[in-house]
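Colleague: could you look at this predicted model? Sequence included:
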Amino acid sequence: MPRRRRSDSEIEAVRERILDETLDLFAVAGWEGFSMRKLAARLNIAAKTLYNYFGSQDDLYLRLLTRGFRQLYSALSSAAFANDDPRDRLSALAEVYVDFAFTHVNLYNLMFVWHVPKYDDYVGTSMENVALTELAAALDNQRLLAATISECIGHAVDEDDLRFMTIWAWSQLHGYVAAVNNNLIGYMHPDPAQIHTRMLQQVRSIATAEMAAALAGRDDTASASTHSLAPTTPATEPG
């Protein structure tokens, strides 16, 4: 009697299980130590069975990243759109981002910390389109943060300024996450959990101040430039 064909939901459940185990193996073996054979052994299946679901290690990796970035975006967007005030929205984004990083340490490290292939490494290969999908999912998170910062400013902002402020805000959160996940803060403070709320409030406070300062500095520079380029009336020689 032929084996019953698995339903779409059953196939998806298997794919999800494989992705979960892939993340665990990456955490233990790293990119270089990973292999489809090792993954199959952890799943108690034949290595060739994996290829019924994913074409290669790169395919697994990129789809795992795509899932992670979509998961992060879902959490961020839900928190952001629950707040009308853009400053509260920025605080919510910071809180959810940090919570995601603390809850999904290995996934976060794969997404943001470990030295693993990036989109440019797949350009011109058979995996380019899959890598492009992953990159788009990652950049959705950046665009959400940028849009929130733009709303905090309240008026049109230069694209370069907005890009800088978005990178600055993310860098502050990422630095805090890295210090906690590596237990560095534990050596600097007796109770790291005690400063969590203050850290996030400080990010919001400084980020808001940096936005204002960056814009003011740009306006001052533009004003000074305008004055320096303004024509001057030549001095009249005494006659």
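Modeller: Cool, got the structure. Numbers count the residues shown, from 1 in each chain.

Colleague: can you tell me the element residue 179 falls in?
Modeller: For residue 179, the enclosing helix or strand under DSSP states H and E is helix 159-181.

Colleague: only the buried residues of whatever helix or strand comes next after that helix, if you could.
Modeller: Later in the chain than helix 159-181, the nearest helix or strand by DSSP H and E is helix 185-188. For helix 185-188, the buried set under the neighbour-count rule, 16 or more other C-beta atoms under 10 Å, comprises residue 185. Where you see a C-beta, it was placed from the backbone N, CA and C, and this is true even at glycine.

Colleague: and helix 185-188, C-alpha only, in CSV?
Modeller: Provided in CSV are the C-alpha atoms of helix 185-188 (Å, rounded to 0.1, in the frame of the first residue of the first chain):
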residue,chain,number,x,y,z
ILE,A,185,27.5,44.2,32.1
GLY,A,186,27.5,41.6,34.9
TYR,A,187,31.1,42.6,35.6
MET,A,188,30.3,46.3,35.7
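
Colleague: any idea how far it is from the chain center?
Modeller: 25 Å (C-alpha atoms, centre = their mean, to the nearest Å).

Colleague: output the below-cut-off pLDDT ranges for the protein.
Modeller: For the chain, residues meeting the criterion pLDDT under 70 lie at 1-4, 207, 210-212, 214-239.

Colleague: per-domain residue ranges of it.
Modeller: With domains defined by automatic domain parsing, the chain comprises 10-55, 61-222.

Colleague: so who does residue 53 touch?
Modeller: 11, 14-15, 18 (C-beta atoms under 8 Å, 6 or more residues apart in numbering).

Colleague: among those residues, which ones are buried?
Modeller: Looks like these have 14-15, 18 buried, using 16+ other C-beta under 10 Å.

Colleague: residue 57 is in contact with residue 38, isn't it?
Modeller: No. Counting by C-beta atoms under 8 Å, residue 38 is not a contact partner of residue 57; they are 10.2 Å apart.

Colleague: which one's more surrounded, those two?
Modeller: residue 57 (17 against 14; other C-beta atoms under 10 Å).

Colleague: which parts of stretch 146-158 are buried?
Modeller: So stretch 146-158, judged by 16+ other C-beta under 10 Å, has buried residues 146, 148-150, 152-153, 157.

Colleague: greatest separation within those: which pair is it?
Modeller: 148 and 157 (12.3 Å; C-beta to C-beta).

Colleague: what's in contact with stretch 117-137?
Modeller: So stretch 117-137 is in contact with 31, 56, 58-59, 61-63, 65-66, 69-70, 73, going by C-beta under 8 Å, 6+ apart.

Colleague: quick one, helices of the protein?
Modeller: For the chain, the helices defined by DSSP state H cover 8-33, 36-43, 47-50, 57-80, 86-103, 105-108, 128-153, 159-181, 185-188, 196-229.

Colleague: which elements pack onto the fourth one?
Modeller: Helix 57-80 is packed against helix 8-33, helix 86-103, helix 128-153, with contacts defined by 3 or more C-beta pairs under 8 Å, 6 or more residues apart in numbering; DSSP states H and E.

Colleague: what distance separates the first one from the centre of its chain?
Modeller: In this case it means helix 8-33. 21 Å.

Colleague: and what of stretch 117-128?
Modeller: 19 Å.

Colleague: residues of that stretch that come out buried?
Modeller: With burial defined by 16+ other C-beta under 10 Å, the residues of stretch 117-128 counted as buried are 119, 122, 127.

Colleague: how many neighbours does residue 137 have?
Modeller: 19.

Colleague: residues contacting the residue nearest to it when sequence neighbours are not counted?
Modeller: Computed as C-beta to C-beta, 6 or more residues apart in numbering, the closest residue to residue 137 that is not its neighbour in sequence is residue 69, at 3.9 Å. Counting by C-beta under 8 Å, 6+ apart, residue 69 touches 111, 134, 137-138, 140-141.
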